[in-house]
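Student: I'd like to go over a predicted model; first the sequence, then the structure.
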Amino acid sequence: MVSKQNTLNTREMPNTRYPNGYLPKIAYHILHNNADKAQYFIGRQMETYGELDKQELANCLVYIMINNNAVIQNLAEFLAEYAENIAQKA
């Protein structure tokens with residue numbers, strides 16, 4: 001199993017399954033407009049690690065931006081492939 005280093009959180013996250021707490025999951029569900037799931041993981045984060053601080057909220061935004069860039073890249077690749085398929089049929 002690969003160990004991931006906790007580089008974005010200022011708190012010690014003892015949970016090895018989620019070394020960055022639930023912040024990546026919160027960001028993922030915010031990005032995908034899953035408000036109920038985002039709220040659930042915010043609750044889990046607060047229950048496990050305490051109130052979210054400014055740094056952790058900023059880290060959520062970083063995760064959202066990183067994931068958003070991946071979504072945009074995947075969409076661009078899909079559209080390029082789709083356009084190529086249409087051009088070949090013409």
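Tutor: Everything's here; your move.
Student: Strands along this protein, start to end?
Tutor: Along the chain, counting by DSSP state E, strands occupy 19-22.
Student: Sort out which residues of stretch 46-54 are buried, please.
Tutor: Judged by neighbour count (16 or more other C-beta atoms under 10 Å), stretch 46-54 contains these buried residues: 49, 52. The way it works is simple: take the backbone N, C-alpha and C, and place the C-beta from them, glycine included.
Student: Output the longest helix belonging to the protein.
Tutor: Assignment by DSSP state H gives helix 54-89 as the longest helix of the chain.
Student: quick one: residue 36 from residue 43, how far?
Tutor: In this view, residue 36 and residue 43 are 11 Å apart by C-beta to C-beta, to the nearest Å.
Student: and the two? which has more neighbours close in?
Tutor: More crowded of residue 36 and residue 43, by other C-beta atoms under 10 Å: residue 43, with 12 against 7.
Student: The least confident helix or strand in the chain by mean pLDDT - contacts with which helices or strands?
Tutor: Sorting the helices and strands of the chain by mean pLDDT, DSSP states H and E puts strand 19-22 at the bottom, at a mean of 78. Here strand 19-22 touches helix 35-49, going by 3 or more C-beta pairs under 8 Å, 6 or more residues apart in numbering; DSSP states H and E.
Student: between the helix it packs on and helix 54-89, how many degrees?
Tutor: Counting by axes from the mean of the first three to the mean of the last three C-alpha atoms, to 10 degrees, helix 35-49 points 140 degrees away from the direction of helix 54-89.
Student: Show me what helix 35-49 is packed against.
Tutor: Helices and strands touching helix 35-49, by 3+ C-beta pairs under 8 Å, 6+ apart, are strand 19-22, helix 23-31.
Student: any chance of the ones you listed in TSV, plus distance to residue 83?
Tutor: Listed next are the helices and strands packed on helix 35-49 as TSV, based on distance: least, C-beta to C-beta, whole Å:
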stretch	distance to residue 83
strand 19-22	37
helix 23-31	26
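Student: what's around residue 22, how many residues?
Tutor: Neighbour count of residue 22, defined by other C-beta under 10 Å: 26.
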